[in-house]
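> Return a 3D structure for these sequence lines:
(one chain, ligands or ions: 1)
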Amino acid sequence: MSDTEPHSLRSDDAASLAADSSSDEHSTSTSSSVDGSNTDPSSADRLPGPRGLPLIGSTLSIARDPIAFLESARKYGDIVSYGAYGTEFALVYDPHVVEAVLVSRSDEFDKGEFETEFGELIAPDGIAFTEGERWRRQRTLLQSSFTPDRIHAVADEMVAEADALVDGWDDGDIVSLRDGLATYSVRVLARTLFDLPLEDDRTRTVTRAATAVNEYASPRRLAVGSLIPSWVPDRVGREYETAMAGLEELVTELVTERRRTDTTGDDLLSVLARAEYPDGSRLSPDEIRDQLVTFLFAGHETTSTTLAVACWLLAGNPNLREKLESELETVCDNRDPAVGDLASLEYTEAVLREAMRLYPPVTGVYREPLTDAVLAGYRISADTTLQLSAYGIHRDERWWDDPEAFHPERWLADTDRPEYAYFPFGGGPRHCLGMRFAMVELQLALASIVSRVEFGRLTETLEPSLGVTLDPGPLEARVRKR
Ligand code: HEM
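Predicted coordinates for the structure are as follows:
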């Protein structure tokens, strides 16, 4: 399968989906206005979708291949019901409903039990999982660390790290783009969140924790874990406990140290160690730990996957790569890219946007209605988890010409499509707090890498699976220094 072909179902998935679909329920609804507007729940239609197997619903299909499940479920309609891990889900493929849930009717929804339980596993007090007033206080406090000035202050380090990554490769080396860029993004986070020098042993504690969090919380592991007894040894769980204990110790030590030395550092840990709530109280080391774990979790694989996929897509499209090189030569003129270049790096940005359209690192955003709600004419009960499918909507031919093709040029033309036909960073009040940080990092890193090195594809087809974020696989490539 190439990056321009649709992902097809493998035969075992198809068989399992057939079993899942054994008692499909197709709605006869024609009343959907597809605008997410509210009507009376009692008169609205029930959702279509695969009913799945007794008790476990579609858990097996998801454990086997979550992406194939996402792709096959859309044949049921724009909102599709299924059950898995003991939860009722409604998969949303309609950008107007996404807008309603995330933006115009956002006060009718919260993150819900599915996300909260997931948050309990890694960082219950982290900003990505709290609600209400508590979340608002945290968002205000943390937003002050992500102002353009603060982000620009670390931009040179983002470039220096990208240069160091490329310097570590020799001409002809075979590398995994996924693993190389994962190392890159975690180093940028260790620097910007903790201000730790890279040679410091404590940086290894941070990188170990970032890797362990992402492995521990992957949906495949959660799905499989829900089916096997608790006495079965859990290697990933044990590694997670050890890595988190190490991180906790490190955060406590660093908070004490930075409070004692009254640091003026710009890294997130120093900002949080200094921060005070309006009543003058300070954050406890536990609260600081939860925020840092959340940022390691939210900012690591999302960024590295986008970069790895962009490099791989360019490696298979020499004409597009040449176009990008020509922009870099014109704008940067043989020097490293810098913050002042960002506005002129339009094609670089288009390549990254297109990579996130085809392979959104966060494939779906989850919400739960606070009370029974109606969306696009369908009744959604309060205990249903809405799964807003970025992966599905980003490849929908109603909104995208030739949706499976890698075509960065589409971002340089004005096109009329619903705003939420594209939402890699979510939307509304809880949109990605690190979006600006991520876009600066992505543009500078890609510009720096492409100016210094070319890749020859060894992995010919990208077959994504689903970890906590979309996993593109190792993406092996041969390095050619420029
Ligand atoms: C390509 C890179 C990234 C992508 C695609 C991405 C995507 C997302 C998405 C879709 C959400 C919304 C989740 C929801 O509404 O349930 C989100 C939230 C968040 N992201 Fe990112 N993210 C990226 C990079 C980053 C980085 C680099 C950081 C920080 C260093 C970060 C920090 C956060 C935080 C803290 C939240 C929670 C915000 C809140 O609930 O108020 N993200 N991200």
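> Is the residue lying closest to residue 317 once chain neighbours are set aside in a helix, a strand, or coil?
In space, and not counting its chain neighbours, residue 317 is closest to residue 406: 6.2 Å by C-beta to C-beta, 6 or more residues apart in numbering. All C-beta spots, glycine's among them, are computed from the backbone N, C-alpha and C. Following DSSP: H, G, I helix; E, B strand; the rest coil, residue 406 is assigned to coil.
> any idea how far residue 406 is from residue 105?
34 Å (C-beta to C-beta, to the nearest Å).
> between those two, which one's more packed in?
residue 406 (23 against 18; other C-beta atoms under 10 Å).
> on that earlier part again, would you check that the residue nearest to residue 317 makes contact with residue 358?
Yes: Residue 406 is within contact range of residue 358, at 6.3 Å (criterion: C-beta atoms under 8 Å).
> can you count the residues close to the closest residue to the ligand within the stretch 1-150 of the chain?
Here the residue of the stretch 1-150 of the chain nearest the ligand is residue 128; by C-beta to the nearest ligand atom that distance is 3.9 Å. Using other C-beta under 10 Å, residue 128 has 22 other residues around it.
> Contacts only, for it.
119, 294, 297, 298 (C-beta atoms under 8 Å, 6 or more residues apart in numbering).
> Take those residues and keep only those in helices.
119, 294, 297, 298 (DSSP state H).
> Closest one to residue 248 out of the residues you listed, please.
residue 294 (14.1 Å; C-beta to C-beta).
> biggest helix in this structure, by residue count?
Ranked by residue count and defined by DSSP H, the top helix of the chain is helix 235-261.
> thinking residue 100 is in contact with residue 374, fair?
No: applying C-beta under 8 Å as the test, residue 100 and residue 374 come out as separate, 10.3 Å apart.
> Pick out whichever of those two has more residues nearby.
Taking neighbours as other C-beta under 10 Å, residue 100 and residue 374 compare with residue 100 leading, 24 against 19.
> Do you know the pLDDT at the more buried one?
Per-residue pLDDT puts residue 100 at 98.
> go on, the one 5 residues further on?
In the predicted model, residue 105 carries a pLDDT score of 98.
> do residue 418 as well
pLDDT recorded at residue 418 is 97.
> so what's it up against?
Going by C-beta under 8 Å, 6+ apart, the list of residues near residue 418 reads 95, 96, 99, 399.
> same thing but 10 Å
Under the criterion of C-beta atoms under 10 Å, 6 or more residues apart in numbering, the neighbours of residue 418 are 34, 94, 95, 96, 98, 99, 393, 398, 399.
> of the residues you listed, buried ones?
Burial by neighbour count, 16 or more other C-beta atoms under 10 Å: within these this picks out 94, 95, 96, 98, 99, 393, 399.
> Next one: the residue in the stretch 151-300 of the chain that the ligand sits nearest to, what pLDDT does it get?
Residue of the stretch 151-300 of the chain nearest the ligand, by C-beta to the nearest ligand atom: residue 299 (3.0 Å). Reading off the confidence values, residue 299 has pLDDT 91.
> I'd like to know how far residue 328 sits from residue 357.
22 Å.
> Between these two, tell me which one has more neighbours.
Legend: neighbour count by other C-beta under 10 Å for residue 328 and residue 357, higher for residue 357 (23 against 20).
> nearest residue to the more buried one other than its sequence neighbours?
Nearest to residue 357 is residue 394, by C-beta to C-beta, 6+ apart, at 4.7 Å.
> Do I have it right that the one you found meets residue 422?
Yes: using C-beta atoms under 10 Å, residue 394 is in contact with residue 422, at 6.3 Å.
> who touches both of those two?
Between them, residue 394 and residue 422 share the contacting residues 95, 356, 357, 360, 400, judged by C-beta under 10 Å, 6+ apart.
> how near is the first one to residue 396?
So that's residue 95. Distance, residue 95 to residue 396, using C-beta to C-beta: 8 Å.
> follow-up on the earlier one: now do the contacts for the residue nearest to residue 317.
Each residue near residue 406 by C-beta under 10 Å, 6+ apart is listed here: 2-4, 309-310, 312-314, 316-317, 320, 351, 354-355, 357-359.
> Narrow the residues you listed to those that are buried.
Neighbour-count burial (16+ other C-beta under 10 Å) is assigned, among the contacts of residue 406, to 3, 309-310, 312-314, 316-317, 320, 351, 354-355, 357-359.
> how about the residues of the stretch 101-250 of the chain that lie near the ligand?
By the rule C-beta under 6 Å from any ligand atom, the part of the stretch 101-250 of the chain lying against the ligand is 127, 128, 139.
> Tell me which entries of those residues lie within helices.
Using DSSP H to define helices, the subset of those located there is residue 139.
> Poorly predicted segments of the stretch 201-350 of the chain, please.
Applying pLDDT under 70 to the stretch 201-350 of the chain flags the ranges 219-220, 222-232, 262-263.
> Please, where are all the helices along it?
With DSSP state H, counting those that start in this stretch, the ranges of helices along the stretch 201-350 of the chain come out as 201-216, 219-225, 235-261, 268-274, 285-299, 301-315, 318-332, 346-358.
> wait, which of the ones you listed is closest to residue 174?
helix 301-315 (12.8 Å).
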